[in-house]
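Novice: take a look and give me a structure for this.
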Amino acid sequence: MPIRGFRAASTAVLPKRLDALTSLRFFAAFAVFTHHFTGLGGQTGFGRSPLIFPYSQIGGHGVTFFFVLSGFLMMWVYKPGEHPASFWWRRVGRIWPAHLVALPLGVFAYYIAAHKPIEWWSLISSVFLVQTWFPHVTPTLPGNEVTWTLSVELLFYAMFPLFGWLAVRTRTRWLALATALGLIGMWAVNWLAVAHLSAPHASWVMRNPIVYLPEFLLGLTVAMALKRGWRFPLRPFIPIVLLVGYVYGYYQGRMRLPHALVNQLDFTVRQCVAILSALIILAFVQREVRGLKGVLNAKPLVLLGLWSYGFYLIHHSVSRLATYEWGRMRDNDAVLFTLLGMGLVVAAMSWALFHFVEEPAEKWWRKRTPKRFLRKKDGTPAAPPPRVETEPVVEKEQPAPV
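Specialist: This is a model prediction of the structure:
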């Protein structure tokens with residue numbers, strides 16, 4: 001039965017390679033970088049531009065886009081019957097090599113250069129990406145600070161074989177209902193945590209991986225609906241304009257509304273950004289399904305998207321070290337030139353991380369997939385994992401951090 005606003009489309013061969021989504025990863029990572037660069041006000045960040053502040057703070061929710069995108073991409077390339085261990089093996093090879101190589105820079109930036117003591121248990125928890133599971137880690141974001149989002153991703157990776165199995169057996173309307181209830185649950189948890197817990201404990205609750213599962217589920221549901229033939233007439237500029245309008249309205253509201261209403265804005269910002277992210281993904285994927293190309297399909301942007309994981313891992317360390325070395329810049333619009341210059345430096349470093357660590361390590365790791373993992377769940381042999389250079393770009397999803 002049709003869902004209002006949607007129309008059923010004929011089933012066609014769907015592209016595995018979605019270059020527009022790869023390019024969008026870079027914009028999400030750069031938004032997070034801008035958030036860290038300009039800070040939260042006061043004496044935070046490297047410098048603040050009145051032209052984009054306070055709106056640049058929303059860039060921290062670039063990680064929300066990554067969570068939604070991860071759910072979408074994993075469902076888009078889901079292989080029914082694949083051995084779960086094969087999926088987990090690939091995730092390890094995708095995430096950990098670059099993470100471990102970027103970690104020493106983070107330790108230097110956040111501990112040594114900052115003259116802060118190392119709490120070893122907390123640091124070790126960040127090495128294994130389980131730091132968000134514990135309420136008393138020190139500091140709040142130990143190790144390489146931005147990897148708290150990888151800790152969130154880790155739970156979804158662990159559960160995805162089950163989620164994928166359930167998704168293909170569940171009607172789209174029920175997936176949509178579960179997603180809506182989950183997003184409402186995020187709002188309720190945030191409200192209750194702020195109302196009844198201390199500030200540190202409320203902050204930990206809202207970093208806990210379980211709280212973010214509805215965002216992954218949102219991406220998964222959109223992917224499942226598209227694969228089943230549902231289409232929603234939506235041009236990409238519409239959700240982009242809606243996002244710009246929401247950001248403007250959100251910060252204007254925070255400056256003008258009563259405290260109680262400001263709290264409600266804060267309790268719902270994750271969900272609103274997640275929904276707008278899903279609409280942006282939906283619009284660009286439908287374009288590619290129809291065979292249309294745009295600026296996001298340009299090779300330079302696709303390459304930046306491929307490097308975005310490394311960009312995300314190292315950007316905040318570079319910004320922090322620059323602040324220690326030269327101090328904060330004056331708050332004026334000249335900061336934007338420094339922002340772009342530092343972005344170029346980080347992009348060059350992320351290129352090196354991708355070409356000399358991330359890509360070769362992933363290729364090496366895939367070649368060593370245990371043969372027992374290459375059997376389907378029913379015991380029949382499966383084809384060996386594809387080589388990295390021929391693998392669909394969409395399988396290289398990136399989480400990204402605040």
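Novice: how about the secondary structure of the residue positioned nearest the centre of the chain?
Specialist: Central residue of the chain (CA atoms, centre = their mean): residue 66, 2.0 Å from the mean position. Recorded secondary structure, residue 66: helix (DSSP: H, G, I helix; E, B strand; the rest coil).
Novice: distance check, it against residue 203.
Specialist: Distance, residue 66 to residue 203, by CB to CB, to the nearest Å: 20 Å. Glycine gets a C-beta too; all of them are placed from N, C-alpha and C.
Novice: do the same with residue 154
Specialist: With CB to CB as the criterion, residue 154 and residue 203 are 19 Å apart.
Novice: okay, these two: which has more neighbours?
Specialist: Neighbours were counted for residue 154 and for residue 203 using other CB atoms under 10 Å; residue 154 has more, 20 against 14.
Novice: isn't that one right next to residue 216, touching?
Specialist: No: using CB atoms under 8 Å, residue 154 makes no contact with residue 216, being 11.6 Å away.
Novice: any common contacting residues for those two?
Specialist: Common contact partners of residue 154 and residue 216 (CB atoms under 8 Å, 6 or more residues apart in numbering): none.
Novice: tell me how many other residues surround residue 128.
Specialist: 11.
Novice: check residue 325 too.
Specialist: 8.
Novice: next helix or strand past the strand or helix carrying residue 220?
Specialist: Residue 220 belongs to helix 213-227 when elements are defined using DSSP states H and E. Reading on from helix 213-227 to the C-terminus, the next helix or strand found by DSSP H and E is strand 230-231.
Novice: strand partners (parallel or antiparallel) of that next one?
Specialist: According to DSSP bridges, strand 230-231 has the following sheet partners: strand 7-8 (antiparallel).
Novice: wait, residue 253 sits on residue 259?
Specialist: No: with contacts counted by CB under 8 Å, residue 253 stays clear of residue 259, the gap being 11.7 Å.
Novice: more neighbours: which of those two?
Specialist: More neighbours surround residue 253 than the other of residue 253 and residue 259, with 13 against 6 (other CB under 10 Å).
Novice: need the pLDDT of the residue lying closest to that one once chain neighbours are set aside.
Specialist: Spatially, and ignoring its direct neighbours in sequence, residue 253 is nearest to residue 265 (5.5 Å; CB to CB, 6 or more residues apart in numbering). At residue 265, the predicted lDDT confidence score is 94.
Novice: isn't residue 265 up against residue 255?
Specialist: No: distance between residue 265 and residue 255: 10.9 Å, which falls outside the contact criterion (CB under 8 Å).
Novice: show me the shaky parts of this protein.
Specialist: 1-12, 375-402 (pLDDT under 70).
Novice: what sits against residue 137?
Specialist: So residue 137 contacts 119, 121-122, 125-126, 131 (CB under 8 Å, 6+ apart).
Novice: pull out the buried members of those.
Specialist: 122, 125-126, 131 (16 or more other CB atoms under 10 Å).
Novice: give me the subset of those residues lying in helices.
Specialist: Under the assignment DSSP state H, these contribute 122, 125-126 to helices.
Novice: quick one: the residue nearest to residue 76 when sequence neighbours are not counted from residue 309, how far?
Specialist: Leaving aside its sequence neighbours, residue 76 sits nearest to residue 223 (CB to CB, 6+ apart; 4.6 Å). Distance from residue 223 to residue 309, counting by CB to CB: 20 Å.
Novice: ok, residue 30 next?
Specialist: Distance from residue 30 to residue 309, by CB to CB: 13 Å.
Novice: which one's more surrounded, those two?
Specialist: The neighbour comparison of residue 30 against residue 309 (other CB under 10 Å) goes to residue 309, with 27 against 24.
Novice: wasn't that one part of a strand?
Specialist: No: counting by three-state DSSP, residue 309 falls outside a strand, being helix.
Novice: touching, it and residue 358? I think so.
Specialist: Yes: contact criterion CB under 8 Å: residue 309 and residue 358 qualify, at 6.6 Å.
Novice: which neighbours do the two have in common?
Specialist: residue 98.
Novice: buried ones in stretch 32-51?
Specialist: 32-39, 45-49.
Novice: end-to-end on stretch 140-148?
Specialist: One end of stretch 140-148 to the other measures 10 Å (CA to CA, to the nearest Å).
Novice: can you give the distance of it from its chain's centre?
Specialist: Stretch 140-148 has its C-alpha centroid displaced from the chain centroid by 15 Å (CA atoms, centre = their mean, to the nearest Å).
Novice: likewise stretch 336-349?
Specialist: Relative to its parent chain, stretch 336-349 has a centroid offset of 21 Å by CA atoms, centre = their mean.
Novice: name the element residue 263 belongs to?
Specialist: Assigned by DSSP H and E, residue 263 falls in helix 259-289.
Novice: same for the helix or strand that that helix is followed by, what does it pack against?
Specialist: Next helix or strand after helix 259-289 toward the C-terminus (DSSP H and E): helix 299-306. With contacts defined as 3 or more CB pairs under 8 Å, 6 or more residues apart in numbering; DSSP states H and E, the packing partners of helix 299-306 are helix 19-38.
Novice: what angle separates the helix it packs on from helix 259-289?
Specialist: 150 degrees (axes from the mean of the first three to the mean of the last three CA atoms, to 10 degrees).
Novice: and stretch 62-80, C-alpha only, in PDB?
Specialist: In PDB, the C-alpha atoms belonging to stretch 62-80 read as follows (Å, rounded to 0.1, in the frame of the first residue of the first chain):
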ATOM      1  CA  GLY A  62      28.300  16.700  11.400                       C
ATOM      2  CA  VAL A  63      28.700  13.500  13.400                       C
ATOM      3  CA  THR A  64      25.000  13.100  13.300                       C
ATOM      4  CA  PHE A  65      25.200  13.100   9.500                       C
ATOM      5  CA  PHE A  66      27.900  10.400   9.800                       C
ATOM      6  CA  PHE A  67      25.800   8.200  12.000                       C
ATOM      7  CA  VAL A  68      22.800   8.400   9.600                       C
ATOM      8  CA  LEU A  69      25.100   7.800   6.600                       C
ATOM      9  CA  SER A  70      26.700   4.700   8.200                       C
ATOM     10  CA  GLY A  71      23.300   3.200   8.700                       C
ATOM     11  CA  PHE A  72      22.300   4.000   5.200                       C
ATOM     12  CA  LEU A  73      25.500   2.700   3.500                       C
ATOM     13  CA  MET A  74      25.700  -0.600   5.500                       C
ATOM     14  CA  MET A  75      22.100  -1.400   4.600                       C
ATOM     15  CA  TRP A  76      22.600  -0.300   1.000                       C
ATOM     16  CA  VAL A  77      25.500  -2.900   0.500                       C
ATOM     17  CA  TYR A  78      24.000  -5.500   2.900                       C
ATOM     18  CA  LYS A  79      24.700  -9.100   1.900                       C
ATOM     19  CA  PRO A  80      22.000 -11.500   3.200                       C
END
